[in-house]
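1. using only what follows, build the 3D model:
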Amino acid sequence: MVYESDLEGFRKDRYFARSWALLTRNRGWIKPVLVMSVALLVPLVGYFGVSGYALEWARLTAWNINAAPKQKNVRVGECIVSGGRAIVISLVWALVFAIVMAIAGAIPLLGGLLVFLLMILNIFMGVFVSVAQLRATIYQKVGAGLRVSTIKKMITHDFGGLVRIFGINLIGGALIAAVGAIVTLFVCFGLLPQLFSTVNYLYYYDGFISSTMQTQAIVQMVFSMISSALPALILLLLASNIMSVVLSLLVCTSVGLWMRQFNVAAWGRDEDPLPEPLREPRDAQPRDPWASSSQGPYQQETAAGPEPAPQESTTDETEAPAQDASEAQAPQPEEPAERDVSQPLAPEPDDLPADPTTSPVEGQDDQPDPFKD
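-> Purely as a prediction, here's the structure:
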């Protein structure tokens with residue numbers, strides 16, 4: 001059970017529960033998931049759009065905005081651009097990692113051990129790259145996702161939180177693989193009788209039929225098996241896409257929840273150092289009850305001196321009355337300043353879901369009302 005207070009600010013645990021609460025915050029949350037599952041069938045562009053949609057939602061989460069994914073007025077072009085930016089960052093990090101592995105493998109004696117350690121580290125690379133992708137999405141530029149020193153500080157500051165998010169990704173990926181393997185196994189079992197029938201036919205009539213008829217029987221068997229398995233394979237593909245989209249959304253917004261501790265609203269330029277990380281409220285030290293005032297409860301008050309004599313007013317009573325408001329010059333509206341591209345992109349009203357279908361977070365309405373009779 002996740003309360004509304006659990007979604008506020010930074011918390012260092014329950015990433016899956018809080019991400020799920022944000023994902024299902026609005027009624028009809030399954031609609032964009034289904035749309036993105038179909039979009040994944042479009043080569044390349046569909047993957048860009050889905051990745052960008054998840055990262056743009058995670059950007060709002062990192063800005064400490066508890067919003068569900070948008071269901072209407074989604075800017076598809078911006079999602080595709082964000083997804084393309086994320087793919088570029090993934091390719092660059094993968095290239096760097098491959099070069100490091102090649103150099104490590106060339107070291108005498110220790111090369112094999114170093115390559116083995118790097119392969120273990122490669123298991124966590126997906127979550128680490130997600131941090132770089134989200135930072136690039138916040139700044140809306142590729143260079144922010146390649147700032148090695150800043151990303152290293154973020155990862156080393158709270159490595160345990162990323163391990164928890166990696167656990168979500170690992171378990172979710174294992175469940176998707178298990179479901180796909182089970183369905184594929186049942187499909188294969190359904191095709192075995194037809195396969196055995198064709199093999200027996202070719203075996204017994206090998207000397208009586210020509211090679212052309214044998215080839216025709218094999219081709220007929222293959223097309224028959226494909227037509228029989230095609231509906232099940234299509235359903236398996238769509239189910240796999242749905243689970244993959246949900247997992248991608250959960251992992252991305254979990255990284256956004258994790259990134260809240262770095263106070264995104266206080267970020268400056270890309271090359272500026274990170275601000276002081278926020279502490280979780282539950283980790284705050286108990287406040288000293290005597291430190292709130294300059295005088296302790298047992299400290300004697302200072303002796304009160306004589307009250308100062310009232311000063312005479314020096315204001316000229318004959319001063320002219322103030323100018324009427326109608327005569328005052330109305331302030332001129334200021335033109336909106338252009339956004340500094342070196343600063344992180346703050347959320348805009350159009351980024352938030354405008355659907356009037358918000359459902360309360362689980363347990364939100366269970367709180368007692370002190371004003372209710």
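2. spatially, which residue comes closest to residue 90, not counting chain neighbours?
-> Leaving out its chain neighbours, the residue that sits closest to residue 90 by CB to CB, 6 or more residues apart in numbering is residue 129, at 5.5 Å. Heads up, the C-betas are built off the backbone N, CA and C, glycines and all.
3. can you name every helix or strand that the helix or strand hosting the one you found contacts?
-> Assigned by DSSP states H and E, residue 129 belongs to helix 125-139. Packed against helix 125-139, as judged by 3 or more CB pairs under 8 Å, 6 or more residues apart in numbering; DSSP states H and E, are the following elements: helix 45-62, helix 76-105, helix 148-157, helix 159-204, helix 211-259.
4. out of the ones you listed, which is closest to residue 12?
-> Closest approach to residue 12 among the helices and strands packed on helix 125-139 (CB to CB): helix 159-204, 5.7 Å.
5. for the closest one, the distance to its chain's centre please.
-> 28 Å (CA atoms, centre = their mean, to the nearest Å).
6. identify all contacting residues around the worst-scoring helix or strand of the chain on mean pLDDT.
-> Least confident helix or strand, the chain: helix 111-123 with a mean of 78, by mean pLDDT, DSSP states H and E. Contacts to helix 111-123, defined as CB atoms under 8 Å, 6 or more residues apart in numbering, come from residues 97, 100, 101, 104, 105, 107, 166.
7. what about the residue lying closest to residue 258 once chain neighbours are set aside, neighbour count?
-> Closest residue in space to residue 258, ignoring its immediate chain neighbours: residue 161 at 4.8 Å, by CB to CB, 6+ apart. Residues lying near residue 161 (other CB atoms under 10 Å) number 22.
8. where does this structure dip in pLDDT?
-> Residue ranges of the chain with pLDDT under 70: 205-208, 281-343, 348-373.
9. centre-most residue in it?
-> In the chain, the C-alpha nearest the mean C-alpha coordinate belongs to residue 252, at 1.9 Å (CA atoms, centre = their mean).
10. run through the residues that contact that one.
-> Contacts of residue 252 by CB under 8 Å, 6+ apart are 54, 55, 57, 58, 130, 134.
11. most neighbours, which of these?
-> Tallying neighbours with other CB under 10 Å puts residue 54 at the head of those, with 30 neighbours.
12. residues in contact with it?
-> In this structure, residue 54 makes contact with 248, 249, 252, 253, judged by CB under 8 Å, 6+ apart.
13. just the buried ones from these?
-> Buried by 16 or more other CB atoms under 10 Å: 248, 249, 252, 253, out of the contacts of residue 54.
14. quick check: the first one touching residue 49?
-> Think residue 248. No - judged on CB atoms under 8 Å, residue 248 makes no contact with residue 49 at a distance of 11.9 Å.
15. got the buried residues for the least confident helix or strand of the chain?
-> Neighbour counts using 16+ other CB under 10 Å place 114, 115, 118 of helix 111-123 among the buried residues.
16. could you turn the buried ones of the contacts of helix 111-123 into a PyMOL selection?
-> To isolate the buried ones among the contacts of helix 111-123 in PyMOL, judged by 16+ other CB under 10 Å, type:
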select buried, resi 97+101+104+166
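17. wait, which of the contacts of helix 111-123 is closest to residue 22?
-> The closest of the contacts of helix 111-123 to residue 22 turns out to be residue 166 (CB to CB; 19.3 Å).
18. roughly how far does the closest one sit from residue 124?
-> The gap separating residue 166 from residue 124 is 6 Å, by CB to CB, to the nearest Å.
19. same question for residue 169.
-> Going from residue 169 to residue 124 by CB to CB gives 10 Å.
20. one more: residue 266?
-> 28 Å.
21. please apply the same query to residue 260.
-> Distance from residue 260 to residue 124, by CB to CB: 21 Å.
22. do the same with residue 274
-> Applying CB to CB, the value for residue 274 to residue 124 is 21 Å.
23. now residue 226
-> 39 Å.
24. out of these two, which sits in the busier spot?
-> Relative neighbour count places residue 124 above the other of residue 226 and residue 124, with 17 against 11, counting by other CB under 10 Å.
25. what sits against that one?
-> Residue 124 neighbours (CB under 8 Å, 6+ apart): 162, 163, 166.
26. pick the one among those closest to residue 244.
-> Lowest distance from residue 244 to those (CB to CB) belongs to residue 166, with 16.6 Å.
27. was I right to think the closest one contacts residue 125?
-> No - the pair residue 166 / residue 125 is not scored as a contact, 9.9 Å apart, by CB under 8 Å.
28. next one: residue 118 from residue 147, what distance?
-> For residue 118 relative to residue 147 (CB to CB), the value is 22 Å.
29. got a list of what residue 38 touches?
-> Residue 38 touches 238, 241, counting by CB under 8 Å, 6+ apart.
30. so which helix or strand takes in it?
-> Applying DSSP H and E as the criterion places residue 38 in helix 30-39.
31. angle of that helix against helix 211-259?
-> 140 degrees (axes from the mean of the first three to the mean of the last three CA atoms, to 10 degrees).
32. got the CA positions of helix 30-39 in PDB?
-> Extracted in PDB, the C-alpha atoms of helix 30-39 (Å, rounded to 0.1, in the frame of the first residue of the first chain):
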ATOM      1  CA  ILE A  30      -3.400   0.800 -19.800                       C
ATOM      2  CA  LYS A  31      -4.300   2.700 -23.000                       C
ATOM      3  CA  PRO A  32      -0.900   4.300 -23.600                       C
ATOM      4  CA  VAL A  33       0.700   1.000 -22.700                       C
ATOM      5  CA  LEU A  34      -1.200  -0.700 -25.400                       C
ATOM      6  CA  VAL A  35      -0.500   2.000 -28.000                       C
ATOM      7  CA  MET A  36       3.200   1.800 -27.300                       C
ATOM      8  CA  SER A  37       3.100  -2.000 -27.500                       C
ATOM      9  CA  VAL A  38       1.800  -1.700 -31.000                       C
ATOM     10  CA  ALA A  39       4.200   1.100 -31.800                       C
END
